[in-house]
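Q: Sharing a model prediction with you, sequence too.
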Amino acid sequence: MTSAGQPRRQPFFPESFPPPGFLRRAWPRLLLVSVLILIPCFWQRHIQAGDLASHLYNARLVQLIHHGQAPGLWLATQWNNVLFDYLLSALAALFGFAAAEKLAVSLAVLVFFWGAFALAIKFSRRVPWFLLPALAMLTYGWTFHSGFFNYYLSLGLSFWGLALFLDATGWKRYSALALTPFILLAHPIGLVWFLGAVLYIALAEKVPGRAQFLLLLLPAATFVFLHFYLPRHFAVDQPLTPRYLSNGADQLALSTDRHIYPAAAAFLFAVFSFLFDAFRRREPGFFARTGLLLQLYLVSQMAVFLLPGLVFFPMYSAPVSLLVERLSLISAVLACCLLATIQPRFWHALGFAGIAAVFFTLTYQETSVLDRMEDRAAGLVRILPPGQRVMETIFSPPDSRIFFVNHIVDRACIGHCFAYGNYEPSSGQFRVRARSGNSIVMTSQDDAGDMEEGNYIVKPQDLPAWQIYQCSQDSTVLCIRSLAVGERNDRLGVHPADDKPDDPDGSE
């Protein structure tokens, strides 16, 4: 009792859960699920995940720099946005690049998937096995297929950190902050989310239930401030995805013509399941935990609606982009934690399993097309003399939300050529940097952007160089040709939305 005679407020999660012995009893099931969840990492020759191919190529550049074989390139000391790259480089040195890609991504997948599942367990105080198909879809959603693995890994670690925070009481719960350096090393957004969630939960436990929603004023004020401050001091732009669609289900919409259907089905089924069951529960502490989760979800949606989609910071040559699309992954995992609080029923598992079957079937089909394209690109670069510069203009189909397809050429170049327009060194956001005048990679972010868009005018110092481009209305057909001074690099490219090839003289 307090001095005022009122009962002392307890944490939302006073007892450890799951109970002792859970791992000993459940390890065969956990092992089986771990094996199953890794299948999409191995069902194609390469993991088709957008920017991943660029990360792997830059791990190769790191090796060349260490061996003195990349004149004009150097490694910067960096403490964020590099954890996954360190992992790739270490594994590549031990096992080679093909194995390193599979191992690093598999580790990231397991960290993210089980971190999200552990967080759902801690919030719901039960083991929500029926949610495994939903979490599997999110694990292989838009963020994964965009290849943002540093951010992806930072969120996975943050979920583990929050689960540890919710599992303990008193000062021991803050031992979860020991993960902070690793989350920062992966990506700063993950760290901001982790520390913000810890602070919000700690404050919510000290505020009476009916007044807890007043805590929303604190993050609301923060995001409103940033909403007006950032455009006044930095160049910003709007997100590519409509904000009202970035509720978490958008993570499943890898394409707007096919994946949109399982994404919509997952959203509607989740809402129906929650409304049908949640408010019929009468467990002690149920509404307190559900209310806290709802508040955290609303905070994540405040970020989605109030932050810009892209910000140009002066310390980088490239913008910090796709912010809204990235943040919706946090909303999606919090929505799953909300679902975990309902009474599990057989039809929950059946519904999510059916939607997941459709989602993964469509995903396999799309990634198999990309894998065949990469095989063609690899065949093209292998006819070149070693060490040639290669540019590329390969665009996603109009209905696809799997971006950065052009980076398949980066991976194809490993050991054979140089991806001359690779954006990482010139962006200033990664550890590989380039000096002006080097013969390996562009040093101007503007030039790299023009090259990817097919509007780069070839300069004398770029030669000899080659161009890989889409040369048919069938966007999977790739061709290669040598470049000449003064021409636009993609002047012969044909894309699905084009009625004819670009103007051959390079004019706009």
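A: All right, it came through fine.

Q: in the stretch 201-350 of the chain, what spans have low per-residue confidence?
A: 209, 278-279, 281-289 (pLDDT under 70).

Q: for it, what spans make up the helices?
A: Applying DSSP state H, counting those that start in this stretch to the stretch 201-350 of the chain gives helices spanning 217-233, 260-277, 286-306, 323-340, 346-381.

Q: Now do the first one and helix 286-306, the angle between them.
A: Orientation of helix 217-233 against helix 286-306 (axes from the mean of the first three to the mean of the last three CA atoms, to 10 degrees) gives an angle of 10 degrees.

Q: Next, work out how far apart the spatially most central residue of the chain and residue 334 are.
A: The chain has residue 143 as the residue nearest its centroid, 2.9 Å off, counting by CA atoms, centre = their mean. From residue 143 across to residue 334, the span is 15 Å (CB to CB, to the nearest Å). C-beta here means a position set from N, CA and C on the backbone, and glycine is covered the same way.

Q: The residue nearest to the centre of the chain sits in which helix or strand?
A: Assessed by DSSP states H and E, residue 143 sits inside helix 142-146.

Q: How far does that helix sit from its chain's centre?
A: 5 Å (CA atoms, centre = their mean, to the nearest Å).

Q: which element follows that helix toward the C-terminus?
A: helix 149-167.

Q: Against which helices or strands is the next helix or strand after that next one packed?
A: The C-terminal neighbour of helix 149-167 among helices and strands, as given by DSSP H and E, is helix 180-186. Here helix 180-186 touches helix 83-95, helix 149-167, helix 188-204, going by 3 or more CB pairs under 8 Å, 6 or more residues apart in numbering; DSSP states H and E.

Q: what's the angle between the second one and helix 188-204?
A: With the same axes, to 10 degrees as the basis, helix 149-167 and helix 188-204 are set at 20 degrees to each other.

Q: Helix 149-167 packs against which elements?
A: So helix 149-167, by 3+ CB pairs under 8 Å, 6+ apart, packs with helix 83-95, helix 97-124, helix 142-146, helix 180-186, helix 188-204, helix 323-340.

Q: With distance to residue 388 added, can I get those helices in JSON lines?
A: Converted to JSON lines, the helices and strands packed on helix 149-167 look like this (distance: least, CB to CB, whole Å):
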{"stretch": "helix 83-95", "distance to residue 388": "22"}
{"stretch": "helix 97-124", "distance to residue 388": "19"}
{"stretch": "helix 142-146", "distance to residue 388": "28"}
{"stretch": "helix 180-186", "distance to residue 388": "34"}
{"stretch": "helix 188-204", "distance to residue 388": "37"}
{"stretch": "helix 323-340", "distance to residue 388": "35"}
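
Q: Of the ones you listed, which is nearest residue 174?
A: Proximity to residue 174 (CB to CB) singles out helix 188-204 among those, at 8.1 Å.

Q: any idea of the angle that closest one forms with helix 83-95?
A: For helix 188-204 against helix 83-95, the angle by the same axes, to 10 degrees is 130 degrees.

Q: ok, now which ones touch residue 256?
A: 399, 400, 401 (CB atoms under 8 Å, 6 or more residues apart in numbering).

Q: so the second one bridges to which residues?
A: Just to be clear, that refers to residue 400. Residue 400 has the following beta-bridge partners by DSSP bridges: residue 255.

Q: thought it was touching residue 366?
A: Yes - taking contacts as CB atoms under 8 Å, residue 400 lies within contact range of residue 366: 7.1 Å.

Q: Overlap in contacts, the two.
A: Residues touching both residue 400 and residue 366 (CB under 8 Å, 6+ apart) are 254, 255.

Q: ranges for the helices of the stretch 401-508 of the chain?
A: For the stretch 401-508 of the chain, the helices defined by DSSP H, counting those that start in this stretch occupy 408-412, 424-427, 445-453.

Q: Of all the ones you listed, which one is nearest residue 478?
A: Using CB to CB, the helices of the stretch 401-508 of the chain put helix 408-412 closest to residue 478, at 8.9 Å.

Q: which parts of that closest one are buried?
A: For helix 408-412, burial by neighbour count (16 or more other CB atoms under 10 Å) applies to 408, 409, 410, 411, 412.

Q: sorry, back to before: out of the helices and strands packed on helix 149-167, which is closest to residue 56?
A: That would be helix 97-124 among these, by CB to CB, at 5.5 Å.

Q: so what's the nearest residue in space to residue 388 that is not next to it in sequence up against?
A: Distance criterion CB to CB, 6 or more residues apart in numbering; nearest residue to residue 388, sequence neighbours excluded, is residue 417 at 4.8 Å. Each residue near residue 417 by CB under 8 Å, 6+ apart is listed here: 381, 384, 386, 387, 388, 389, 390, 466.

Q: which of those residues are buried?
A: Using 16+ other CB under 10 Å as the threshold, 381, 384, 388, 389, 390, 466 are the buried ones among the contacts of residue 417.

Q: Make a markdown table out of those residues and add pLDDT and distance to residue 78.
A: Formatted as a markdown table, the buried ones among the contacts of residue 417 follow (pLDDT from 0 to 100; distance: CB to CB, whole Å):
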| residue | pLDDT | distance to residue 78 |
| --- | --- | --- |
| 381 | 95 | 29 |
| 384 | 94 | 32 |
| 388 | 95 | 29 |
| 389 | 96 | 26 |
| 390 | 96 | 27 |
| 466 | 96 | 31 |
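
Q: thinking again about what came up before, could you report the pLDDT at the residue nearest to residue 388?
A: You'll see residue 417 listed with a pLDDT of 95.

Q: From residue 169, how far out is it?
A: The value you get for residue 417 to residue 169, if CB to CB is used, is 57 Å.
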